[in-house]
Structures are given as C-alpha cells and as structure tokens.
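> Next come a sequence and a model predicted from it.
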Amino acid sequence: HYMKNHEHCPTINLSNLWSLVPEADREKALQDKSKTLVLDVVKSGYFKVLGKGKLPDVPLVVKAKLFTSLAEKRIKAVGGACVLRG
C-alpha cells in the first residue's frame, strides 16, 4: 500500500531533551540526583534521539523508537538508560 510519509522520522538532539521536561520536574531533578526522570520523546512527537549536545549529570530514562550510538553512549554516561518503544 502506498504511503507518502514512509520515511517520516522527526529527530531531537540531546541538547534539546531538557526542553521537554517541565520546569518543576527539572528543578527537582537537579536538586535530588538520586531519583531518575523518565522522558518519553514519542509523546512529544519525536521518534529518534541524536547525540549532538551535552546532558547535565542527572540520570534520565529516555524512551524513543530509535537512538544513535552516540546518543545511547552519552545517556548511559550520565547514569541513564535508553528504552526502545514500538
């Protein structure tokens, strides 16, 4: 079946991930680094996480359909995890 948007894959850089986190949650995460934030980028309309930029030293669980190898490496370096969504 014919699909016009077969290769549609909106992307977001690591440097822009924090803009998806609400301000109150961002402040709590920066103060208490023992808790982990869960961020589902698919709910925000993005499918792929790219590795450009830096993340603060806060553990972050990122849920997305695709990750680049550099993004996965940098998320794991700050104590986070990458979860693939279908």
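Everything's here; your move. Residues are numbered from 1 along each chain as shown.
> Just the element for the residue sitting nearest the centre point of the chain, please.
Central residue of the chain (C-alpha atoms, centre = their mean): residue 62, 4.2 Å from the mean position. Per DSSP states H and E, residue 62 falls inside strand 60-64.
> which residues in this protein form strands?
Along the chain, counting by DSSP state E, strands occupy 11-13, 37-40, 48-50, 60-64, 66-67, 81-84.
> As a markdown table, these with mean pLDDT and distance to residue 2 would be great.
Heads up, the C-betas are built off the backbone N, CA and C, glycines and all. Shown next, in a markdown table, are the strands of the chain (pLDDT from 0 to 100; distance: least, C-beta to C-beta, whole Å):
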| stretch | mean pLDDT | distance to residue 2 |
| --- | --- | --- |
| strand 11-13 | 97 | 25 |
| strand 37-40 | 94 | 30 |
| strand 48-50 | 97 | 24 |
| strand 60-64 | 96 | 27 |
| strand 66-67 | 96 | 23 |
| strand 81-84 | 97 | 28 |
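> tilt between the least confident helix or strand in the chain by mean pLDDT and strand 60-64?
When the helices and strands of the chain are scored by mean pLDDT, DSSP states H and E, helix 23-31 comes last with a mean of 90. Angle of helix 23-31 versus strand 60-64, following axes from the mean of the first three to the mean of the last three C-alpha atoms, to 10 degrees, is 130 degrees.
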